[in-house]
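Q: Fold the following for me, if possible:
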Amino acid sequence: MTTPDPWSVLIIDDEPDIREVTSMTLMDDGYRVETAADGIEGLDRLEAFGPQIVITDIRMPGMDGLQVLEAVKQRSADTEVIVATAFGEMETAIRALQLDASDFITKPIHTDAMMVALQRARQRYTTRQQIKDYTRHLEKGLDRTTRQLEETVAYQDRLIESSMDGICGCDADGRVVTFNRSMEKMVGVDRAHVIGKLGMDHFFNPDDYQTLQSDLAAPGHGGSNRLMLYETNLLDRHRHPVPVQLSASVLMENGTRAGLVCFFRDLRRIHRLQQEMADQARLLHQDKMMSLGRLAASVAHEINNPLAGILNYIRLMLRTFKKGPLPAHTQQQFTDYLALVETETDRCSKIVSSLLTFSRKSPVSMQPVAMDDVVARSTVLARHRLELGNITLALETTEGLPTIVGDANQLQQCLLNLIFNAIDAMPGGGTLTLKSAVETDPPSVVVAVTDTGHGIDKKDMGHLFEPFFTTKEEGYGIGLGLSTTYGIIERHGGRLTVDSQPGQGTTFTIRLPLPSASPNKIKENRQLS
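A: Coordinates of the predicted model:
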């Protein structure tokens, strides 16, 4: 088998800048590169270009990256696919690996990480071709006697030894005749103690092995006598379970079962990623609770004033009642008092409701969201902090913004993160401008937060959305606010951008797509200036 020279890569991403920069980087490194703006165009280019490797974004309009991955594997199973995900989308990345993606890289894409992923994809592509050559060699050998098959399989060549996946083959009696280096590492058993001595059932729990044999014979997992992307557990030398993804094929000779070849992919890395995802969720909630703590004192003060007024009016009315029947002029006065009590009570209710909505730990719920309400609740919660910081709030919002589809709680967390960062950037006071509007190309709702603070150094701009990166002093954040915001907006199919000049302030802009924007409605709203 010859190695492709040069290697060809197809980049599928709906953002022109990412396509251009990534393709230039790869061409400078010797790759043949073509690009596509969406999944449909990408599949057309797949047929015409025939790349060995595809790099696809997960979040794209129309056909998303997981659908592209499945379509690529259906059309060209040997093509390696690398998916690009936003930070915090570990569940999507794990799903991509389960669908046989070779690797994933997080956005914004860093060149070093991309090159490592490409090297892994190249190695995996080469190994697949070597395994196909070896399988063809085995199938030809099935015309010989079973003894010749054992001798041929027992003679391990370096093609099998170079495989990243574990390869185990057995004869018609179930005795192991092939056991490569990756299998040795996976289960911790030397092949000298396995080949010709143990059956494949030795590496399975009896119930799991019986289920595997039943599913192998059934047509539901890749066809009769075949298994594809089948998940089960091996047993290592200590009889501990090793989660694996299995692909297997029965070897036939003259219509009779003559052996079995299995390819095992170790899933322990995926399971570690799942644990990391759970840990990440806890960290994100921790960051949210830190923000909630920063709000607590402000909200307490904000509620205390109207409550004091309510209490005073109620005490005044009680004293008056004790003096006897109310004269006519006092009745009107009481009506005015009760109107004030109602107004102040409603004010307290809105503050508490906004705080509860923000603090609630709930699963992601994608529903119609009125961004007007999100902006209003965020300003209610942030108002007192703005006053304490001697910061003027300037609202330049468009009323009646179109409804988007998203998680209102997460979007409010994003907006509050940006508002708090803006407040922190103006320790001596200033002006915070909150703008909202609608853009037509593409149709989207836009919310921008602008401060008149110290701005962001150029050396920090490229790291702003990286997890755990922070320019704040210790104790004022763990560096997850912006990366969390970036990930949430990406998962909503939107974009988060930043514009800043040192000493001249900073603007963070959120753009969220309209699922079914009305052109007439959009024209009625002004553009964000």
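Q: quick check: domain ranges of the chain?
A: Using automatic domain parsing, the domains assigned to the chain come out as 8-129, 142-266, 272-524.
Q: Just the terminal-to-terminal distance for the shortest one.
A: Counting by C-alpha to C-alpha, to the nearest Å, you get 16 Å between the two ends of domain 8-129.
Q: same deal with stretch 451-458?
A: Using C-alpha to C-alpha, the two ends of stretch 451-458 sit 17 Å apart.
Q: List the buried residues for that stretch?
A: Under the neighbour-count criterion of 16 or more other C-beta atoms under 10 Å, stretch 451-458 has Asp451, Thr452, Gly453, His454, Ile456 buried. The way it works is simple: take the backbone N, C-alpha and C, and place the C-beta from them, glycine included.
Q: Any idea how many residues pack against the residue lying closest to the first one once chain neighbours are set aside?
A: Pointing back at Asp451 there. Nearest in space to Asp451, with sequence neighbours left out and distances taken as C-beta to C-beta, 6 or more residues apart in numbering, is Ala422 at 3.8 Å. Residues near Ala422, counting by other C-beta atoms under 10 Å, number 27.
Q: Same check on Thr22?
A: Using other C-beta under 10 Å: Thr22 sits among 21 other residues.
Q: how much space between Gly103 and Gln119?
A: To be clear, residue 103 is Asp; Gly isn't right here. Asp103 sits at a distance of 10 Å from Gln119 (criterion: C-beta to C-beta, to the nearest Å).
Q: quick one, which of those two is more surrounded?
A: Comparing Asp103 with Gln119 by other C-beta under 10 Å, the one with more neighbours is Asp103, at 21 against 11.
Q: show me the residues around that one that make contact.
A: Asp103 makes contacts with Ile82, Val83, Leu97, Ala117, Arg120, Ala121, as judged by C-beta atoms under 8 Å, 6 or more residues apart in numbering.
Q: Quick check: the third one touching Ile270?
A: Yes: under the criterion of C-beta atoms under 8 Å, Leu97 is in contact with Ile270, at a separation of 5.5 Å.
Q: so where is the stretch 151-300 of the chain shaky, pLDDT-wise?
A: 151-159, 274, 276-300 (pLDDT under 70).
Q: Could you write out the alpha-carbon coordinates of stretch 190-204 in CSV?
A: Output of stretch 190-204 as CSV, limited to C-alpha atoms (Å, rounded to 0.1, in the frame of the first residue of the first chain):
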residue,chain,number,x,y,z
ASP,A,190,1.1,-11.1,26.4
ARG,A,191,0.2,-12.8,23.1
ALA,A,192,2.5,-15.7,24.0
HIS,A,193,-0.1,-16.7,26.6
VAL,A,194,-3.0,-16.2,24.2
ILE,A,195,-2.4,-17.4,20.6
GLY,A,196,-3.4,-21.0,20.2
LYS,A,197,-4.0,-21.4,23.9
LEU,A,198,-7.1,-19.3,24.7
GLY,A,199,-10.4,-18.8,23.1
MET,A,200,-11.9,-15.4,22.4
ASP,A,201,-14.5,-16.0,25.0
HIS,A,202,-11.8,-15.8,27.7
PHE,A,203,-11.8,-12.0,27.3
PHE,A,204,-15.6,-11.6,27.8
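Q: Figure out how far it is from the centre of its chain.
A: Relative to the mean C-alpha coordinate of its chain, stretch 190-204 is positioned 40 Å out (C-alpha atoms, centre = their mean, to the nearest Å).
Q: Stretch 167-186 too?
A: 36 Å.
Q: can you pull the alpha-carbon coordinates of that stretch into CSV?
A: Taking Å, rounded to 0.1, in the frame of the first residue of the first chain, the C-alpha atoms of stretch 167-186 are listed here in CSV:
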residue,chain,number,x,y,z
ILE,A,167,-7.1,-6.8,16.3
CYS,A,168,-8.0,-10.3,17.4
GLY,A,169,-8.7,-13.2,15.1
CYS,A,170,-9.9,-16.8,15.9
ASP,A,171,-10.4,-20.0,14.0
ALA,A,172,-13.6,-22.0,13.5
ASP,A,173,-13.2,-23.4,17.0
GLY,A,174,-12.9,-20.0,18.6
ARG,A,175,-9.2,-20.3,19.4
VAL,A,176,-7.2,-17.1,19.1
VAL,A,177,-4.7,-17.1,16.2
THR,A,178,-4.2,-13.3,15.8
PHE,A,179,-3.5,-10.9,18.8
ASN,A,180,-1.7,-7.7,17.9
ARG,A,181,0.3,-5.3,20.1
SER,A,182,-2.7,-3.0,20.7
MET,A,183,-4.7,-5.9,22.1
GLU,A,184,-1.8,-6.7,24.4
LYS,A,185,-1.9,-3.2,25.8
MET,A,186,-5.7,-3.1,26.0
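Q: Flag every buried residue along that stretch.
A: Buried, per 16+ other C-beta under 10 Å, within stretch 167-186: 167-171, 175-184, 186.
Q: before we move on, what about stretch 214-223?
A: Asp215, Leu216, His221, Gly222.
Q: Next, the distance between the ends of it.
A: 12 Å.
Q: Double-check that Thr56 belongs to a strand.
A: Yes: assigned with DSSP: H, G, I helix; E, B strand; the rest coil, Thr56 falls within a strand.
Q: and it, what is it in contact with?
A: 11-13, 39, 42, 65, 68-69, 72, 81-84.
Q: if we go to 6 Å?
A: Ile12, Gly65, Val68, Val83 (C-beta atoms under 6 Å, 6 or more residues apart in numbering).
Q: Please apply the same query to Gly255.
A: Going by C-beta under 6 Å, 6+ apart, the list of residues near Gly255 is empty.
Q: The domains of the chain: which one's closest to Thr135?
A: domain 142-266 (6.7 Å; C-beta to C-beta).
Q: Checking the residue of the chain most remote from its centre next. Helix, strand or coil?
A: What lies farthest from the middle of the chain is Gly324; by C-alpha atoms, centre = their mean that is 67.9 Å. Three-state call for Gly324 (three-state DSSP): coil.
Q: pLDDT score assigned to it?
A: If you check Gly324, the pLDDT there is 75.
Q: for it, phi and psi?
A: The phi and psi values for Gly324, taken as degrees, to the nearest 10, are phi 130, psi -170.
Q: What of Gly188?
A: According to degrees, to the nearest 10, Gly188 has phi 70, psi 30.
Q: give me the number of residues near the spatially closest residue to it that is not a sequence neighbour?
A: Distances taken as C-beta to C-beta, 6+ apart place Arg237 nearest to Gly188, at 4.1 Å, with adjacent residues excluded. By other C-beta under 10 Å, 11 other residues sit near Arg237.
Q: Surely Arg237 forms part of a strand?
A: No: applying three-state DSSP, one finds Arg237 to be coil, outside a strand.
Q: Ramachandran angles for it?
A: Torsion angles, degrees, to the nearest 10, at Arg237: phi -60, psi -30.
Q: One more: the one 4 residues further on?
A: Backbone torsions for Pro241, taken as degrees, to the nearest 10, come to phi -70, psi 140.
Q: spatially speaking, which residue is in the middle of this structure?
A: Note: the chain centre (C-alpha atoms, centre = their mean) maps to Glu89, 1.2 Å.
Q: In contact with it, which residues?
A: Contacts of Glu89 (C-beta under 6 Å, 6+ apart): none.
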